[in-house]
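A.B. asks: no FASTA, just this:
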């Protein structure tokens, strides 16, 4: 039998491999194979975004948006396009200011619009606004001729509540930009909220005891702080102090004009 016949005989007999000197356990090799190590995949959950990060982002957006405004019209447009303050969603109007918009003698800063302002869509519409107008006219100031009135918060606060620190922070860049664009000769601040925001002084009585200035790129602007109309109606002491503050401002305006004409 030649080699070809032998291979044919192996094939017919079912012999499909040669015998080696070392036995091979095919059951072990087929069914007891060492399983391959599967590398584990670790999924890392994204870090939660903190409310502080969100607030900082909105403040940064407000700063950038306000800084790009080259005039009051553009600043108003920036406010209309800004969605970083929830107060805008609950208010019917954006009430950002009223008065002479070319270097007024005085920029009056109030806290926020009142219920009547919201109703009529204009600052100075209610009792508080009427009293404010009377206080200013007592020292020859009028937002139709020489004065501008701007709120720190341009949207009415629900229930006339106090704003949160975040709400103040996102509105402040727009007020600061308004001051830079208006270039007022004097600033008259009504109430503790705007005093804290602009001067970092936490009370009107404390601020009244100091010689104050608001710093800008063009220089320092003299500032007078006094009690707002809502406080003036509460007692004689508030009226007396507010009247003294207004007279002080009037004297400062007269002295500045005299020095300019000298």
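C.D. replies: Now that the structure is in, tell me what you want to look at. Note that this is a predicted model, so its numbers are computed, not measured.

A.B. asks: Correct me if wrong, but residue 124 is in a helix.
C.D. replies: No. Using DSSP: H, G, I helix; E, B strand; the rest coil, the secondary structure at residue 124 is coil, not a helix.

A.B. asks: Tell me where the model's unsure across the stretch 1-150 of the chain.
C.D. replies: Scanning the stretch 1-150 of the chain for pLDDT under 70 picks out the ranges 1-54.

A.B. asks: again, only this time at 90
C.D. replies: In the predicted model of the stretch 1-150 of the chain, residues 1-57, 101-102 satisfy pLDDT under 90.

A.B. asks: Going along the chain, name the helices of the protein.
C.D. replies: Using DSSP state H, the helices of the chain run over residues 3-13, 26-31, 51-67, 72-81, 87-90, 115-120, 127-137, 165-182, 192-199, 204-208, 229-232, 236-261.

A.B. asks: Just the mean pLDDT for the longest one, thanks.
C.D. replies: Same thing as helix 236-261. The predicted model assigns helix 236-261 a mean pLDDT of 93.

A.B. asks: Residue numbering should commence at 137 henceforth.
C.D. replies: Sure, I'll start numbering at 137, so the last one becomes helix 372-397.

A.B. asks: helices or strands next to it in the packing?
C.D. replies: With contacts taken as 3 or more Cβ pairs under 8 Å, 6 or more residues apart in numbering; DSSP states H and E, helix 372-397 sits against helix 263-273, strand 322-326, strand 355-362, helix 365-368. Any C-beta I mention is one placed from the backbone N, CA and C, and that applies to glycine too.

A.B. asks: If we use 10 Å, what do you get?
C.D. replies: Under the contact criterion of 3 or more Cβ pairs under 10 Å, 6 or more residues apart in numbering; DSSP states H and E, helix 372-397 touches strand 242-246, helix 263-273, strand 322-326, helix 340-344, strand 355-362, helix 365-368.

A.B. asks: Give me the residues contacting the last one.
C.D. replies: In this structure, residues lying in contact with helix 365-368 by Cβ atoms under 10 Å, 6 or more residues apart in numbering are 246-247, 250, 262-271, 296, 326-328, 340, 362, 373-379.

A.B. asks: roughly how far is that helix from the heart of the chain?
C.D. replies: 27 Å (Cα atoms, centre = their mean, to the nearest Å).

A.B. asks: Kindly supply the ChimeraX command isolating those of the contacts of helix 365-368 that are buried.
C.D. replies: To isolate the buried ones among the contacts of helix 365-368 in ChimeraX, judged by 16 or more other Cβ atoms under 10 Å, type:
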select :246,247,250,262,264,265,267,268,269,271,326,327,328,340,362,374,377,378
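
A.B. asks: residue nearest the centroid of the chain?
C.D. replies: Centroid-nearest residue in the chain, with Cα atoms, centre = their mean: residue 306, separated by 1.2 Å.

A.B. asks: where's that one relative to residue 328, distance?
C.D. replies: 19 Å (Cβ to Cβ, to the nearest Å).

A.B. asks: Contacts only, for residue 328.
C.D. replies: The contact partners of residue 328, by Cβ under 10 Å, 6+ apart, come to 247, 337, 338, 339, 340, 341, 342, 343, 361, 363, 364, 367.

A.B. asks: swap the cut-off to 8 Å and go again
C.D. replies: 338, 339, 340 (Cβ atoms under 8 Å, 6 or more residues apart in numbering).

A.B. asks: Export these as TSV, with columns for distance to residue 301 and pLDDT.
C.D. replies: Putting those into TSV (distance: Cβ to Cβ, whole Å; pLDDT from 0 to 100) gives the following:
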residue	distance to residue 301	pLDDT
338	13	91
339	17	93
340	19	96
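
A.B. asks: Which one of those residues is nearest to residue 281?
C.D. replies: The closest of these to residue 281 turns out to be residue 340 (Cβ to Cβ; 26.8 Å).

A.B. asks: if I look at that closest one, how far off is residue 361?
C.D. replies: Distance of residue 340 to residue 361, computed by Cβ to Cβ: 6 Å.

A.B. asks: Overlap of the contact sets of the two?
C.D. replies: residue 331.

A.B. asks: before we move on, the earlier item: isn't the residue nearest to the centre of the chain right up against residue 195?
C.D. replies: Yes. At 5.5 Å, residue 306 counts as touching residue 195 under the criterion of Cβ atoms under 8 Å.
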